[in-house]
Structure formats: structure tokens, C-alpha cells
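Trainee: Build me a model from this:
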Amino acid sequence: MTAPAHIAIVDDEPDITRLLAGYLSREGFRISELASGQALNVLMPTDPPDLVLLDLGLPGEDGFAIARTLREHWRCGLIIVTGRGDAIDKVVGLEIGADDYVTKPFDLRELLARIKAVLRRLAPAADAPTPSRERLCFDRWEIDVTARQVSATDGRQVALTSGEFDLLCVLARHAGRVLSRDFLLEQTRGRDAAPFDRTIDVQIGRLRRKLDDDQDDPRLIKAVRGVGYVLVSAVTLR
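Mentor: Numbering: from 1, shown residues only. Next up, the predicted model:
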């Protein structure tokens, strides 16, 4: 029997943590309720969660610094759940590598759908047959789809978040085609774009930096004004 996914809720508002813990427990998740980043630091090495729901407004703590530490040292899903709905905060959260950003007040069913989408991307189905090794090669890069790794021809590996990796795979599998932001969001996150949603734009910027693709004059991932993005390099399958 598969163990339930472990979710850590990091929020200093007891009403919020109780609401989320009760709802998510009924949906079959194992929950840890935490009120601070310090408590999360204690939990991570002893009982690491599969996904963290992180409030940015923790008293006396920098929520972005907590998110950055998670991304640098742990492989887990990260959804920022916060009352800070400013566009700049959303961009910074996604730049740090959050898998999603949800503002309060939120709909519990929508949050549940986003949690499930992130967890699906992080872990393959336990009963799935062992897949054949699939590699997508372009320019001087190789995507090992099975191992979820990206490396250069010189052997250097590039650390991508789960969202960045999925986005690069979609672009590579549709190389030469201009893909809309709505299509990219649906393929990588299972949802449509909201008004002024910059999730894809932020992740494209991160991918360009990590793939040494010039932001001002990109060779690999180009923007088509008013439409979306295209990977212009030829891709071969190994």
C-alpha cells in the first residue's frame, strides 16, 4: 500500500493551518502543522515532506529566504500560499523556484488541484512499468527524460526545478512550433493562465539563464510577440 504524501503547512495563523490540515487530511494526505521557518528546518532532515505550503508573512522571518533554502538543499514541492498578492512578490517567488503561488483567500478545491499537479510532476506512478531511457538532444544540451536531468556535452549538469524541467521537455518535444502560454501552462501545470499570469515568462527567463541562452538575443528559446515561445534548435531523440 502506498504511503500518503506528506505535506508541511508553514503558517503562523492557527485558523489557516487548522483549516488546511483538516481538509487535506480528509483528502488522504499526512500533514505537519508548523508555525515558523525554524520549525521547518528541524522537520526537513528528520521527516522531509513531499510538498511544503509556505506563507511568506511569517513574523520576524524572510519567507523568500526560507523558500530559497528549500530549493538549494531539498527536493520537494513548494507552493507559496500567502496574503501577499503583489505582482512583484509573485515574480520573485517563481524566480526562487516555487512550483506555484496562491494568494489568500483561496478556494480549497483549487489549492488541492494545484497540490496534486505538483505531486504528479515530482513522482512517477509507483505501478508504472520501467520506461525506456529517453533522451532529447539539442544544441549542446541533453535532456534525460527518465532521470529528469539536463546536462551539457561537457558533462556539466544543470539544476532545474520540476516546473522548469517540465517546461523544457514540452518545448523540446514541440521544437520549431510556437507554443502559447495557455498551452504551456496546461501541459506543465494542468491549468489555464489567469489574467496577468507571468508564470511561464518567469520560468522561460530562468531556463535561458541556466542554458546560457542570452536574454536579450536568445539563440534557443525565442519569444513570438503576442503568441508565446518556441525552441528553435533542432531536437534529436536517442
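Trainee: Could you chop the chain up by domain?
Mentor: 6-122, 135-237 (automatic domain parsing).
Trainee: Tabulate the ones you listed (a markdown table), appending mean pLDDT and mean neighbour count.
Mentor: Backbone N, C-alpha and C define where each C-beta goes, glycine included. Formatted as a markdown table, the domains of the chain follow (pLDDT from 0 to 100; neighbours: other Cβ atoms under 10 Å):
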| stretch | mean pLDDT | mean neighbour count |
| --- | --- | --- |
| domain 6-122 | 92 | 17 |
| domain 135-237 | 87 | 16 |
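Trainee: Ala39: which element?
Mentor: helix 37-46 (DSSP states H and E).
Trainee: Next secondary structure after that helix?
Mentor: Using DSSP H and E, the next helix or strand after helix 37-46 towards the C-terminus is strand 51-54.
Trainee: That following strand: how far from the chain's middle?
Mentor: 11 Å (Cα atoms, centre = their mean, to the nearest Å).
Trainee: Likewise for stretch 20-32?
Mentor: Here stretch 20-32 is found 21 Å from its chain centre; the criterion is Cα atoms, centre = their mean.
Trainee: would you put the C-alpha positions of it in PDB?
Mentor: Taking C-alpha atoms only, stretch 20-32 is exported to PDB below (Å, rounded to 0.1, in the frame of the first residue of the first chain):
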ATOM      1  CA  LEU A  20      -5.900  23.300   5.600                       C
ATOM      2  CA  ALA A  21      -4.800  20.400   7.900                       C
ATOM      3  CA  GLY A  22      -8.400  19.200   8.300                       C
ATOM      4  CA  TYR A  23      -9.300  19.500   4.600                       C
ATOM      5  CA  LEU A  24      -6.100  17.900   3.300                       C
ATOM      6  CA  SER A  25      -6.200  15.100   5.900                       C
ATOM      7  CA  ARG A  26      -9.600  14.200   4.700                       C
ATOM      8  CA  GLU A  27      -8.200  14.000   1.200                       C
ATOM      9  CA  GLY A  28      -5.700  11.400   2.300                       C
ATOM     10  CA  PHE A  29      -2.600  13.400   3.000                       C
ATOM     11  CA  ARG A  30      -0.300  13.200   6.100                       C
ATOM     12  CA  ILE A  31       0.100  16.700   7.500                       C
ATOM     13  CA  SER A  32       2.600  18.500   9.600                       C
END
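Trainee: Tell me the spacing between Met44 and Asp50.
Mentor: Met44 is 12 Å from Asp50, where distance means Cβ to Cβ, to the nearest Å.
Trainee: And for Arg84?
Mentor: 24 Å.
Trainee: ditto for Ala147
Mentor: With Cβ to Cβ as the criterion, Ala147 and Asp50 are 19 Å apart.
Trainee: Likewise for Leu171?
Mentor: 26 Å.
Trainee: again with Ala234
Mentor: 37 Å.
Trainee: Same check on Gly85?
Mentor: Taken as Cβ to Cβ, the span from Gly85 to Asp50 is 26 Å.
Trainee: Ok, Asp212 next?
Mentor: On the measure of Cβ to Cβ, Asp212 and Asp50 end up 32 Å apart.
Trainee: Tell me the bridge partners for the nearest residue to Ser233 once chain neighbours are set aside.
Mentor: Leaving aside its chain neighbours, Ser233 sits nearest to Phe138 (4.2 Å; criterion: Cβ to Cβ, 6 or more residues apart in numbering). With DSSP bridges applied, Phe138 shows beta-bridge pairing to Trp141, Val235.
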